[in-house]
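S.K.: Give me the fold of what follows.
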Amino acid sequence: MAQSTIYYPKGTCSQAILIEADGEHIVSVQFVGGCSGNTQGIAALVRGMRISDVIERLEGIDCAGRGTSCPDQLAKALRQLTRE
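M.R.: So this is what the prediction gives:
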């Protein structure tokens, strides 16, 4: 069953992350705001991946000493999605 969610990141340039998942896999990710090329690249790379693999790879990535990043915030959003 497909799940959709909107996550509002903290500490990044992006203002929202739209996620659609089907069971254990990501169907699509779209960032609102942020560095367009980077966020489009992340979204394209994670499409079709297992949610747990994406979390493992992206969690903890830091951007400019902020303590987080768009990839890290995506991992947080996916953790939240899997708890719902």
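S.K.: just how off-centre is the lengthiest helix in the chain within its chain?
M.R.: As assigned by DSSP state H, the longest helix anywhere in the chain is helix 70-83. In terms of C-alpha atoms, centre = their mean, to the nearest Å, the centre of helix 70-83 is set 6 Å apart from its chain centre.
S.K.: swap in stretch 17-35?
M.R.: How far stretch 17-35 lies from its chain's middle: 6 Å, per C-alpha atoms, centre = their mean.
S.K.: May I have it exported as PDB, CA atoms only?
M.R.: What follows is stretch 17-35, C-alpha atoms only, in PDB (Å, rounded to 0.1, in the frame of the first residue of the first chain):
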ATOM      1  CA  ILE A  17      10.300  17.000   1.400                       C
ATOM      2  CA  LEU A  18       7.500  15.100  -0.400                       C
ATOM      3  CA  ILE A  19       7.900  11.300  -0.100                       C
ATOM      4  CA  GLU A  20       5.900   8.500  -1.700                       C
ATOM      5  CA  ALA A  21       6.700   5.000  -0.600                       C
ATOM      6  CA  ASP A  22       5.300   1.600  -1.400                       C
ATOM      7  CA  GLY A  23       6.000  -0.900   1.400                       C
ATOM      8  CA  GLU A  24       9.700  -1.000   1.900                       C
ATOM      9  CA  HIS A  25      10.700   1.000  -1.300                       C
ATOM     10  CA  ILE A  26      10.700   4.600  -2.200                       C
ATOM     11  CA  VAL A  27       8.500   5.500  -5.200                       C
ATOM     12  CA  SER A  28       9.400   9.200  -5.400                       C
ATOM     13  CA  VAL A  29      11.000  12.000  -3.400                       C
ATOM     14  CA  GLN A  30      10.700  15.700  -4.200                       C
ATOM     15  CA  PHE A  31      12.500  18.500  -2.300                       C
ATOM     16  CA  VAL A  32      10.900  22.000  -2.200                       C
ATOM     17  CA  GLY A  33      13.700  24.500  -2.100                       C
ATOM     18  CA  GLY A  34      17.300  23.700  -1.400                       C
ATOM     19  CA  CYS A  35      20.100  23.300  -3.900                       C
END
